[in-house]
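[1] below are the sequence and a predicted model for it; my questions follow.
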Amino acid sequence: MIGAQTTFYGYKGDVVEKTRKLINIFESIDIPPYVQIGPAPAEVFEALVSGLNMLKDKHEVKYSVHQSIWVPSPDFFLNLGSSDEVAKMGTVDSLKKSIDFARGIGAREVSFHAGCAANKVMQNEELEPLTILGEISYEEAYSNVEESLKELLSHAKGDVKLSIENLNHRPERKYLFSTPEDFQRLPPGVNVLFDTGHAHFSETRMGDPSYIEKMIEIVGGKITGIHASDNDGSEDQHKLVGFGSVLFSKIFELITKKQKLPPIIIEAAQAKHEYSEDDLKKSIKRLAQLIEDV
């Protein structure tokens, strides 16, 4: 199954309209529509349910929900690693609402970034690099993550899968779950959203040509979705498939040695790269061919 995330059209704006546009693109090339609802503040979820369900009933679109660190809010960022009670409780509450939202639109998976080994996260300008305050040890952060995930698993009740995304390896930001070894800490019952762009950037930055192979060796069998995001290895650029140097065929082949390929969701930024909708259609078709060739 091939999908696309609503953030192709940006983080802000009418989510239902962005979903409608993506459905039209998939239907125009005769591919069943699958849309991942991208990061949004929890307070807007209730207003989205009716419109998204109308589209689901009319077009038989399938949904999943994704929350990144960068919830579009000037004063709140997701961080399960925090020891700050306000930040921790706010993150857990936001993800519980994401789970409820997923149920409301018939989605069966919620994926998210786990956060940082720091108490607070700040950002002066949307999508610019994060500033972390109150660094804590990785051991403390992962202990906080495990505690919060137990609460979230209980809330999910087994009918919504929870998946943590592999983050870019950026020690200066103390991101969690950015190396293969980090995923040995993954609690039972929690799955993985595998981001190809993050993995390619991390492999390049660390100078480890076996990084992706090691990652899939550890997480294979638990991957419930793939973010198909391309880049040239120098930065996490969110390019369309085929516009960078990510070796998608190799990644897909490695994953199929461990499990069946899960849904593959294109995660790209239209405005940043001045993509047209035809570019997105070509990328979807390219991805479909790559999957067929595996």
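    Ah, there it is. Model, not experiment: these values are computed from the prediction.

[2] skipping adjacent residues, who's closest to His59 in space?
    Closest residue in space to His59, ignoring its immediate chain neighbours: Ile23 at 5.1 Å, by CB to CB, 6 or more residues apart in numbering. C-betas here are computed from N, CA, C, even on glycine.

[3] I'd say the one you found and Val61 touch.
    Yes. Taking CB atoms under 8 Å as the definition, Ile23 is a contact partner of Val61 at 5.4 Å.

[4] pull up the overlap in contacts between those two.
    Contact criterion CB atoms under 8 Å, 6 or more residues apart in numbering; residues shared by Ile23 and Val61: 33, 35, 55.

[5] how about the contacts made by the last one?
    Under the criterion of CB under 8 Å, 6+ apart, the neighbours of Leu55 are 16, 19-20, 23, 61.

[6] mind running it again at 6 Å?
    Residues near Leu55 by CB atoms under 6 Å, 6 or more residues apart in numbering: 19, 61.

[7] assign a three-state SS to it, would you?
    What DSSP: H, G, I helix; E, B strand; the rest coil gives for Leu55 is helix.

[8] helix or strand for the residue nearest to His59, which one?
    helix 15-28 (DSSP states H and E).

[9] what mean pLDDT does that helix have?
    Helix 15-28 shows an average pLDDT of 98 in the prediction.

[10] ok but Ile99 is inside a helix, no?
    Yes. Checked against three-state DSSP, Ile99 lies within a helix.

[11] and it, how many neighbours?
    A count of nearby residues for Ile99, using other CB atoms under 10 Å, gives 21.

[12] hmm, it is touching Ala156, no?
    Yes. Ile99 lies in contact with Ala156 (CB atoms under 6 Å); the separation is 5.3 Å.

[13] quick revisit: got the shared contacts of Ile23 and Val61 as a markdown table, with distance to His238 and pLDDT columns?
    Shown next, in a markdown table, are the shared contacts of Ile23 and Val61 (distance: CB to CB, whole Å; pLDDT from 0 to 100):
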| residue | distance to His238 | pLDDT |
| --- | --- | --- |
| Pro33 | 21 | 97 |
| Val35 | 17 | 98 |
| Leu55 | 24 | 98 |
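
[14] in a markdown table, list these along with distance to Ile136.
    Formatted as a markdown table, those follow (distance: CB to CB, whole Å):
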| residue | distance to Ile136 |
| --- | --- |
| Pro33 | 42 |
| Val35 | 36 |
| Leu55 | 42 |
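
[15] which of those lies closest to Gly134?
    The nearest member of the shared contacts of Ile23 and Val61 to Gly134, counting by CB to CB, is Val35 at 36.8 Å.
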